[in-house]
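> next comes the sequence, and after it the predicted model I'd like to discuss.
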Amino acid sequence: MSFEAYTGLRASQQAIKDGHNNLANLNTNGYKKLNSFFYDLPYKDEHRIGEGEKAIGLMQKGTGVAIGGTSSDFSSGDVVQTKGNDFNTAISGNGFFVITKPDGSIAYSRNGQFMKDSEGMIVTLGSGYQVGQQAINIPDAGATEFTIKEDGSVTAKIGDATQDLGRIELANFINPNGLKRIGQNLYEESEGSGAPIFSYPGEEGMGFIKQGYVERSNVDPILSLLEVVEALHWNGFNQKAFEIYSEVMKKATEVRV
């Protein structure tokens, strides 16, 4: 019983951590809900009920629960309009923004909070990572009416002429749930996700870009709070079972002495 209760404690504590992390990121734009999944451990065969021809079934003993891993819920969050930042973008549909880190490695995100850095390059807000595998630069002199079209095309008006500055690229995966979280609302590919499929908005099943919008977290606060409460109850039951087993074993030891 002690081992089974211990596995239950570990699993319930993981569920509590997931719930707290989800609630903590309730207002993190582009955040995707994190879930752990569990499975029952192997069973031990004890004996059959009855003997010989009268045996009616096999008695089995469970050995507890195991944490199978974590997965991300990539359902879309609400897409809301923002004011004062023409660089904010949201993906309406499938796909991830392609982000180039300072070391040249590629990451992926659903958070489209972008800005222009001191060199005129479009980068992620906060971390300052380059958006896209190819940098998109905005000229310093006289660039106005900055526009990101639904297909990802980026333009700016310079004088009387409209200049093409580049195009925002998206990526998708056969199994997005296999992506590895690395923090800062970024993901990396893994063996579980498969290789990225690069394309542009509106092509090959990719979603479209909405300028002046951001995608909110997809965490449902009420449901997540209920899940935390349920996990706390689950944790309490397993803790109580562990305490009862410990007390029983203590008394058994005292009787033998």
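Ah, there it is. Numbering: from 1, shown residues only.

> so where is the stretch 1-150 of the chain shaky, pLDDT-wise?
Flagging of the stretch 1-150 of the chain using pLDDT under 70 yields the residue ranges 1-2, 46-58.

> in it, which spans are strands?
33-40, 44-49, 57-61, 65-73, 79-81, 89-92, 96-100, 106-109, 114-116, 122-124, 130-131, 143-148 (DSSP state E, counting those that start in this stretch).

> send the alpha carbons of the first one over as CSV?
In other words, strand 33-40. Provided in CSV are the C-alpha atoms of strand 33-40 (Å, rounded to 0.1, in the frame of the first residue of the first chain):
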residue,chain,number,x,y,z
LYS,A,33,-2.3,24.9,-21.5
LEU,A,34,0.0,22.2,-20.1
ASN,A,35,-1.4,18.8,-19.1
SER,A,36,0.3,15.7,-17.7
PHE,A,37,-1.1,12.2,-18.5
PHE,A,38,-0.9,9.1,-16.3
TYR,A,39,-1.2,5.4,-16.7
ASP,A,40,-1.6,2.5,-14.2
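
> so it versus strand 65-73, what angle?
Orientation check (axes from the mean of the first three to the mean of the last three CA atoms, to 10 degrees): strand 33-40 against strand 65-73 gives 150 degrees.

> give me the buried positions along strand 33-40.
Residues 33-36, 38 are the ones in strand 33-40 that count as buried (16 or more other CB atoms under 10 Å). Backbone N, C-alpha and C define where each C-beta goes, glycine included.

> contacts for it, please.
11, 14-15, 18, 21-22, 62, 64-73, 75, 181, 217-219, 224 (CB atoms under 8 Å, 6 or more residues apart in numbering).

> show the contacting residues for the residue nearest to Gly142 when sequence neighbours are not counted.
Leaving aside its chain neighbours, Gly142 sits nearest to Ile158 (5.4 Å; criterion: CB to CB, 6 or more residues apart in numbering). With contacts defined as CB under 8 Å, 6+ apart, the neighbours of Ile158 are 139, 141-144.
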